[in-house]
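Enquirer: My questions concern the predicted model and sequence given below.
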Amino acid sequence: GAVVSQHPSRVICKSGTSVKIECRSLDFQATTMFWYRQFPKQSLMLMATSNEGSKATYEQGVEKDKFLINHASLTLSTLTVTSAHPEDSSFYICSNTGGNTEAFFGQGTRLTVV
Amino acid sequence: LAKTTQPISMDSYEGQEVNITCSHNNIATNDYITWYQQFPSQGPRFIIQGYKTKVTNEVASLFIPADRKSSTLSLPRVSLSDTAVYYCLVGDNYGGSQGNLIFGKGTKLSVKP
């Protein structure tokens, strides 16, 4: 299947700093990738759709200037959480649609802002 | 996208068969039913997908009645490692719309020894 590798798996950062999360599609050229956020004991919430070579599409309520998405190649999408605050602490997950049946997800990134 | 309703949680014991039912009354003609499994601190993983009747793979079966307004995920002889959250999604081939998936609350399955 279309393997998705996400890095880092865990990151702790100070409030006010920025954090970059990488999502790589290892064996599938992904023109579109998706970023989700999951708070403790809650479901995944779609944040944005990452489009290779063009601007990302953000869901309502997600600040595009705070969550910067770059999809410069068919195998890499990055999410940068800028000026992170403790309320941004969450589990971030990316995915692609590697085939006609299922979506493939990264391992997730646990972000803790202190 | 059709809204789905699942039980919030279920308990089972090792070796039992577990059936998780999902309601999707507003499913559209082109929609598929897809189930994902998520372990703590991991991304979801595809389990099974179906359109109608019954689908079986190496890990689960999916039963879909003729009206398609519900579906039942069946896990045979569960083990402790099946403890996870199970999500039912309805949409295009991926379980969503053009690949972006709308997750409901899911069903937290707890398997006890």
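Expert: The structure has been received and is ready for your questions.

Enquirer: Any idea which residue is closest to the centre of chain A?
Expert: residue A:35 (3.8 Å; CA atoms, centre = their mean).

Enquirer: For it, which non-adjacent residue is closest in space?
Expert: Nearest residue to residue A:35 in three dimensions, chain neighbours excluded: residue A:47, at 4.6 Å (CB to CB, 6 or more residues apart in numbering or on different chains). Backbone N, C-alpha and C define where each C-beta goes, glycine included.

Enquirer: now residue A:18
Expert: Using CB to CB, 6+ apart, the closest residue to residue A:18 is residue A:82 (4.7 Å).

Enquirer: give the contact list for the residue nearest to residue A:53 when sequence neighbours are not counted.
Expert: Ranked by CB to CB, 6+ apart and with sequence neighbours excluded, the top spatial neighbour of residue A:53 is residue A:71, at 7.2 Å. Residues near residue A:71 by CB atoms under 8 Å, 6 or more residues apart in numbering or on different chains: A:33, A:50-54, A:56, A:77-78.

Enquirer: Quick check: phi and psi on residue A:71?
Expert: Backbone torsions of residue A:71, given as degrees, to the nearest 10, read phi -130, psi 70.

Enquirer: roughly how far apart are it and chain B?
Expert: Residue A:71 is 14 Å from chain B, where distance means CB to the nearest CB, to the nearest Å.

Enquirer: one step back: what's near enough to touch the residue nearest to residue A:18?
Expert: For residue A:82, the contact set (CB under 8 Å, 6+ apart) comprises A:18, A:65-68.

Enquirer: Show me what the residue in chain A that chain B sits nearest to is bridged to.
Expert: Among all residues of chain A, residue A:105 sits closest to chain B, at 3.1 Å; criterion: CB to the nearest CB. Counting by DSSP bridges, residue A:105 forms beta bridges with residue A:95.

Enquirer: so it touches residue A:93, yeah?
Expert: Yes: under the criterion of CB atoms under 8 Å, residue A:105 is in contact with residue A:93, at a separation of 5.7 Å.
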